[in-house]
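**Q** For reference, the sequence and a predicted model appear below.
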Amino acid sequence: MVLGETVRADHLGINGYHRNTTPKLAQRKLLNVGAISSCGTATAVSVPCMFSYLNQQNYNDGLAKNSDNLLDVLQRSGVTVIWRDNNSGCKGMCDRVTQDKSFTTEATDCNDGECPDSNLLNHLKDTILKAKSGAKPIFIVLHQQGNHGPEYYKRSLDNQKLFLPECKNNLLNQCLPEHIINAYDNAIVATDELLNNTINLLEDLSTDFNTSMLYVSDHGESLGENGVYLHGLPYWMAPESQTRVPMLMWFSPQTIEQNTFNTNCILQNAKQAGSHDMLFDSLLSWMQLESTAIRPEQD
């Protein structure tokens, strides 16, 4: 699972955006759900809510952080759970599972404590192969820095900057709107490359595992529309730019064949459900666990 940061669904080329911000994913066979509703408008709410059994309407921060979450249930069921974080932490969700920080070692491209998301894949294949004991399933979360603002220009490498010039001021209202969008879109290009490289890694591992990937962002972002920047507005008044996020899936051919997935059914149901609320139940089912905790209407 690649956990995106601050990515709004309407800026992905594969979702119909006028710019091709996802050139590599456009060449992939994906189950692209498109836009779903986020649980919150900030990481501090969305991440705990995404992994908890609670829904957006009944979310309670204290209850979410003091209850078993998806990762706890998976681990107790015999799944090896690993969390890699290139963001501000897991907001309490990964406290009881393995937190792998090995990807930051030997990193020479980190500046001021910030590393490119591409580092999340460092030594990941070795980590997965080492975890392959007793034929246990493995569930890995890669938590991105993604499009975290306001310094969007820091979220892409030089060879990923397809749209120039970029805003390089953390006071966004002092930049031209098109320069802000250029920097933001280049950060999505960086995520496109990360997801493509993640799929490459999973393809390499498909002789040892049935491999699959889920990508979903935690919340969106305002880029100056109606004078609003960044995110974090109260949900009832937040624009869709902050609450509509992308979600897509990739399955190896072996996974589809051996699990008899009906991909058309998955895509249709996901588009109907259309929110972070379906993650807890669907991921338990995805990992082939049987539990009374799974609500069929959210699976």
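**A** Sure, I can see it. Numbers count the residues shown, from 1 in each chain.
**Q** State the distance from Leu12 to Tyr215.
**A** In this view, Leu12 and Tyr215 are 10 Å apart by C-beta to C-beta, to the nearest Å. Any C-beta I mention is one placed from the backbone N, CA and C, and that applies to glycine too.
**Q** joint contacts of those two?
**A** Taking C-beta atoms under 8 Å, 6 or more residues apart in numbering as the contact rule, the neighbours common to Leu12 and Tyr215 are Pro246.
**Q** hang on, Asp218 packs against Ser46?
**A** Yes. Counting by C-beta atoms under 8 Å, Asp218 sits close enough to Ser46 to count as a contact (4.0 Å).
**Q** Quick check: neighbours shared by these two?
**A** What both Asp218 and Ser46 touch, as defined by C-beta under 8 Å, 6+ apart, is the set Ser38, Gly40.
**Q** any chance you could map the strands in the protein?
**A** The residue ranges that make up the strands of the chain, judged by DSSP state E, are 2-4, 31-37, 80-85, 98-99, 138-143, 212-217, 222-223, 229-230, 244-251.
**Q** With respect to Ile266, which of those strands lies nearest?
**A** Each of these was scored for nearness to Ile266 using C-beta to C-beta, and the closest is strand 31-37 (6.2 Å).
**Q** same for that closest one, what does it pack against?
**A** strand 244-251, helix 263-273 (3 or more C-beta pairs under 8 Å, 6 or more residues apart in numbering; DSSP states H and E).
**Q** Nearest to Asn173, out of the ones you listed?
**A** Distances from Asn173 to each of the helices and strands packed on strand 31-37 were compared by C-beta to C-beta, and the smallest falls on strand 244-251, at 23.3 Å.
**Q** list the helices and strands the closest one packs on?
**A** Applying 3+ C-beta pairs under 8 Å, 6+ apart, we find strand 244-251 packed against strand 31-37, helix 177-204, strand 212-217, helix 263-273.
**Q** what pairs with it, and is each one parallel or antiparallel?
**A** Based on DSSP bridges, the strands next to strand 244-251 in the sheet, each with its direction, are strand 31-37 (antiparallel), strand 212-217 (antiparallel).
**Q** Pick the most buried one from those strands.
**A** Counting by mean count of other C-beta atoms under 10 Å, strand 212-217 has the highest mean neighbour count of the strands paired with strand 244-251, with a mean of 22.
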